[in-house]
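> Quick one, structure for this:
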Amino acid sequence: MKFSKKQIEDFIKKIHAGEITEYDLPEDLYNSIADYLKTGIYKGYGINFDKLVKNINEEIVSNFDESDLELLSELRDNIYMFSAAKTFQQVKEMTEKLVDENGTVRSFSDFKKDAKDIFYTYNNDWLKSEHTTAIGQAQSAVKWNSIEKQKDILPYLVYDTIGDACDICEPLNGITAKVDDPIWNTIMPLNHFNCRCIVQQSAEADLTPDDEKESSFNVATKNMNAVFKMNAGKDGVVFDKSHPYFSVPKADKTFAQNNFNLPIPKKD
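The predicted structure follows:
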């Protein structure tokens, strides 16, 4: 996602002037973040929202059906909610820099440096990882939907780290369980940023003994970030409610539940 120096400076000026506040958020920034992250979920899913709607409405034969549209719609809504929360958090953080430790309003030149650092952290450093995560979780979600459709003939899943594994995923390598085993509610990849693990479907398999499965699960999840203890296909989200962006003060809960007063478009 690219912003010109002028766009960033104008944005920071509006915060300094009080034209943008945490309760009057900029729709252009919100939409830019959402549009960028949507390219991630559509790349991972293999189709974009408008095209899938068109295919379903016109009964065009493809690998996707109405359940895939329902799931993609959920992921898309989650991206908008995440983008609203991300916009709120960065504006809030910048707003807190408007006054110094003595409570004196800072000059624009003093404020600008801190505000720019915050902007680039949210919209460059972190956004890159979030985009990669959107791709991976969308891949995982559409994979899970396919798994559910095929579980009568392929009822088993085998966790595969595909070679060298990190400390989180190594204990999970080779775990074999039925599709309906609740273990997949938590350890369906992605299990960390840049996770490359997959699950393999199988018609026949030797199940991992319960004690061994539980031990491996406990070791892995002990080191796992809470935001990855989910199943994108089951939960219909890329970023779940444990993500720090969704953590707001009690007084702002209702505001957050209303998507911070930012609209979710029905079409792309």
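> which SS class is residue 167?
coil (DSSP: H, G, I helix; E, B strand; the rest coil).
> Pull up the gap between it and residue 192, please.
Distance check for residue 167 against residue 192: by Cβ to Cβ, to the nearest Å, it reads 9 Å. (Each C-beta comes from the backbone N, C-alpha and C, glycine too.)
> got it, and residue 168?
5 Å.
> And for residue 57?
To residue 192, residue 57 is 38 Å away according to Cβ to Cβ.
> cool, and residue 122?
Applying Cβ to Cβ, the value for residue 122 to residue 192 is 21 Å.
> Could you do residue 101 as well?
Distance of residue 101 to residue 192, computed by Cβ to Cβ: 37 Å.
> Equivalent analysis for residue 257, please.
Applying Cβ to Cβ, the value for residue 257 to residue 192 is 29 Å.
> neighbour count winner among those two?
Neighbour count, other Cβ atoms under 10 Å: between residue 257 and residue 192, residue 192 has more, with 18 against 10.
> what helix or strand is the more buried one on?
Using DSSP states H and E, residue 192 falls within no helix or strand.
> quick one: contacts for it?
With contact taken as Cβ atoms under 8 Å, 6 or more residues apart in numbering, residue 192 is in contact with 166, 168, 169, 224, 225, 228.
> so which of those residues is the most crowded?
When neighbours are counted by other Cβ under 10 Å, residue 169 leads the contacts of residue 192 with 24 neighbours.
> Now for that one: which residues touch it?
By Cβ under 8 Å, 6+ apart, residue 169 lies in contact with 159, 161, 189, 191, 192, 195, 197, 220.
> shouldn't the first one be in contact with residue 202?
The one in question is residue 159. No: taking contacts as Cβ atoms under 8 Å, residue 159 lies outside contact range of residue 202: 11.5 Å.
> Could you name every residue contacting both of the two?
Residues touching both residue 159 and residue 202 (Cβ under 8 Å, 6+ apart): residue 176.
> higher neighbour count, these two?
The neighbour count for residue 159 versus residue 202, taken as other Cβ under 10 Å, is higher for residue 159 (26 against 13).
> Look at that one and give its secondary structure.
Going by three-state DSSP: residue 159 is strand.
> need the longest helix for this protein.
Longest helix of the chain, by residue count under DSSP state H: helix 66-95.
> List the buried residues for the helix or strand hosting residue 117?
Using DSSP H and E, the element containing residue 117 is helix 108-120. With burial defined by 16 or more other Cβ atoms under 10 Å, the residues of helix 108-120 counted as buried are 111, 112, 114, 115, 116, 118, 119.
> One more: stretch 202-219?
Buried residues in stretch 202-219 (16+ other Cβ under 10 Å): 205, 208, 213, 216, 217.
> who's in contact with residue 246?
The contact partners of residue 246, taken as Cβ under 8 Å, 6+ apart, are 82, 85, 239, 256.
> separation between it and residue 55?
32 Å.
> go on, residue 127?
As judged by Cβ to Cβ, residue 127 and residue 55 stand 30 Å apart.
> now residue 208
Residue 208 sits 39 Å away from residue 55, taking Cβ to Cβ as the criterion.
> swap in residue 192?
As judged by Cβ to Cβ, residue 192 and residue 55 stand 34 Å apart.
> Helices of this protein, start to end?
5-16, 27-45, 49-57, 66-95, 108-120, 126-150, 184-187, 210-222, 232-235, 253-257.
> Compute the inter-axis angle for the fifth one and helix 126-150.
Looking back up the chat, that one is helix 108-120. 20 degrees (axes from the mean of the first three to the mean of the last three Cα atoms, to 10 degrees).
> now do the first one
Between helix 5-16 and helix 126-150, the angle formed by their directions is 100 degrees, by the same axes, to 10 degrees.
> Great, nothing more from me.
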